[in-house]
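Enquirer: Show me the folded form of this:
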Amino acid sequence: MTAVTGTTPDSAPGSAADWTVDGCTIGGAMAVLGEKWTVVVCREVFTGVRRFDDMRARTGIPRQVLANRLARLVEQGILRREPYREPGARERHEYRLTDKGLELWPILVALREWGDRHLAGPDGPPLRTVHRGCEAEVHAELHCAAGHRLDTPRDVVPRPGPGARRRR
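Expert: Have a look, this model is predicted:
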């Protein structure tokens, strides 16, 4: 599809339904991350669990599922494989976050916070995230480019982006 000439997405009138979602980056991100075990693997690597057997023992992910998820995250450039060898054993790999993978941290913090509010058991959540420098709890917050804090979805208005195309 081509853009409608004379109308830029930022100044275009109409509703969200007037625009396609072709190439939606949320959909693209979910194609990479949208499966439960994929996000669990990312959580494990973020918390310092980097070896296959340790991940498997800690999470209970079936062996083949874990192998597939790790391979996919490496293929997508979210993780990289680092070789290691225990004395007397064959070479194995541990998994490290790439810069692309590190950028997922705010998403995991936001998911953890939502889960803490709505899914934690009576004893509270099993994981906390704290600032290394002062031990204060870490929270996800949204701010606009001008620095205003956004406290509710009603503070946000969707607009077509530069890649948006009008529906025909």
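
Enquirer: and the protein, what are its domains?
Expert: If you go by automatic domain parsing, the domain ranges for the chain are 16-101, 104-155.

Enquirer: what about those, which gets the closest to Arg167?
Expert: domain 16-101 (5.3 Å; C-beta to C-beta). Glycine gets a C-beta too; all of them are placed from N, C-alpha and C.

Enquirer: so how far is that closest one from its chain's centroid?
Expert: Centre-to-centre, domain 16-101 and its host chain are 11 Å apart (C-alpha atoms, centre = their mean, to the nearest Å).

Enquirer: one step back: ranking the domains of the chain by mean neighbour count, which comes first?
Expert: domain 16-101 (a mean of 14; mean count of other C-beta atoms under 10 Å).

Enquirer: pLDDT of it, averaged?
Expert: Averaging pLDDT along domain 16-101 gives 93.

Enquirer: how about a markdown table for the domains of the chain, with distance to Arg167 added?
Expert: What follows is the domains of the chain, written out as a markdown table (distance: least, C-beta to C-beta, whole Å):
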| stretch | distance to Arg167 |
| --- | --- |
| domain 16-101 | 5 |
| domain 104-155 | 24 |
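
Enquirer: among the ones you listed, which is nearest Gly163?
Expert: The nearest among the domains of the chain, by C-beta to C-beta, is domain 16-101 at 6.0 Å.

Enquirer: which SS class is the residue of the chain most remote from its centre?
Expert: What lies farthest from the middle of the chain is Gly88; by C-alpha atoms, centre = their mean that is 37.2 Å. Using DSSP: H, G, I helix; E, B strand; the rest coil, the structure places Gly88 in coil.

Enquirer: With Arg166 as the reference, name the closest of the domains of the chain.
Expert: Closest of those to Arg166 is domain 16-101, at 6.2 Å (criterion: C-beta to C-beta).

Enquirer: now do the same end-to-end measure for that closest one.
Expert: 30 Å (C-alpha to C-alpha, to the nearest Å).

Enquirer: cool, stretch 141-157 as well?
Expert: The stretch stretch 141-157 measures 17 Å between its terminal residues, going by C-alpha to C-alpha.

Enquirer: OK, contacts around Thr38?
Expert: Contact analysis of Thr38 by C-beta atoms under 8 Å, 6 or more residues apart in numbering lists 32, 69, 72-73.
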